[in-house]
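[1] Give me a model of this one.
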Amino acid sequence: MHQPPVDIENRTVVIPRKEDTTKAEEPVEVWPLVEAALDKVDADPTTYQAAQAAMEVSDGCATLANFLMSQAEQVEKMDYRFKVPLIVLGAKLAREDDGSNTIYDPGEGAFHFETDDHHFAFEVYEDWTVDWEEVADRAEKGYNWDGVEKQVWALDWLMAYLEVPSDDYMVDDEGDDDDQYYSRI
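    Reported below is the predicted structural model:
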């Protein structure tokens, strides 16, 4: 059976809220929020394409969220409105594509994505109105994870969703052989 193409620009999620919070459970369009964050970090067209490709699968949503969080330090004031909807979308897709396991650690206030290749952790304690236990596959207080920084290769991992060779977006500084490469993006 042929699957229709995924319409990333109009994909919505309903963010489950804890009882007695003032936030309503209305559908939220994810792409406009991701796009605003990409605009804020001055991403190039290839990065926008990679972001859309990544949003088609659960591990891609986690990878994209990791990339955007890694870029937050590069801008004066990051637009974080993408974070909760993108994590919720990734968790929803994980149930469909089996590309990630999702774990919420209420003790740490962190949401984890375990993929085949990476483990991503996102601090979500500030997003207290979200019912993270409903979003995750499981809740585990004191969840044990590797704790390794995941932001260094964030762009490379995001570009993998486009299957773009790194030579197409990495440049050698002045042709030196010192193994110092910089992204054109």
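
[2] what about this structure, any weak spots by pLDDT?
    1-6, 22-24, 146-153, 163-185 (pLDDT under 70).

[3] If we use 50, what do you get?
    Where the chain drops to pLDDT under 50, the residues are 1-4, 172-173, 175-185.

[4] Grab the nearest non-local neighbour of the residue positioned nearest the centre of it.
    Nearest to the geometric centre of the chain sits residue 65, at 2.0 Å (C-alpha atoms, centre = their mean). Spatial nearest neighbour of residue 65, chain neighbours left out: residue 86 (4.9 Å); criterion: C-beta to C-beta, 6 or more residues apart in numbering. (Glycine included, C-beta is placed from N, CA and C.)

[5] Likewise for residue 26?
    In space, and not counting its chain neighbours, residue 26 is closest to residue 14: 7.1 Å by C-beta to C-beta, 6+ apart.

[6] Same check on residue 78?
    Of all residues not flanking residue 78 in the chain, residue 72 sits nearest, at 3.9 Å (C-beta to C-beta, 6+ apart).

[7] my read is the one you found is in a strand, agree?
    No: counting by DSSP: H, G, I helix; E, B strand; the rest coil, residue 72 is not found in a strand; it is helix.

[8] and the gap between it and residue 111?
    Going from residue 72 to residue 111 by C-beta to C-beta, to the nearest Å gives 17 Å.

[9] Please report the distance of residue 79 from residue 39.
    8 Å.

[10] ok, those two, which is more surrounded?
    Neighbours were counted for residue 79 and for residue 39 using other C-beta atoms under 10 Å; residue 79 has more, 18 against 11.

[11] what sits against the more buried one?
    Applying C-beta atoms under 8 Å, 6 or more residues apart in numbering, one finds that residue 79 lies in contact with 33, 36-37, 39-40.

[12] before we move on, back to that, name the residue in residue 72 and residue 111 with the higher neighbour count.
    A direct count of neighbours by other C-beta under 10 Å for residue 72 and residue 111 places residue 111 higher, at 29 against 16.

[13] May I ask which helix or strand encompasses that one?
    For residue 111, the element it lies in under DSSP states H and E is strand 110-115.

[14] strands paired with that strand, and their directions?
    strand 100-105 (antiparallel), strand 119-123 (antiparallel) (DSSP bridges).

[15] Show residues contacting it.
    58-59, 62-63, 87, 90-91, 94, 99-105, 119-125, 132, 135-136, 143, 145.

[16] Just the buried residues of those residues.
    Buried members of the contacts of strand 110-115, scored by 16 or more other C-beta atoms under 10 Å, are 58-59, 62-63, 87, 90-91, 94, 99-105, 119-122, 124, 132, 135-136, 143.
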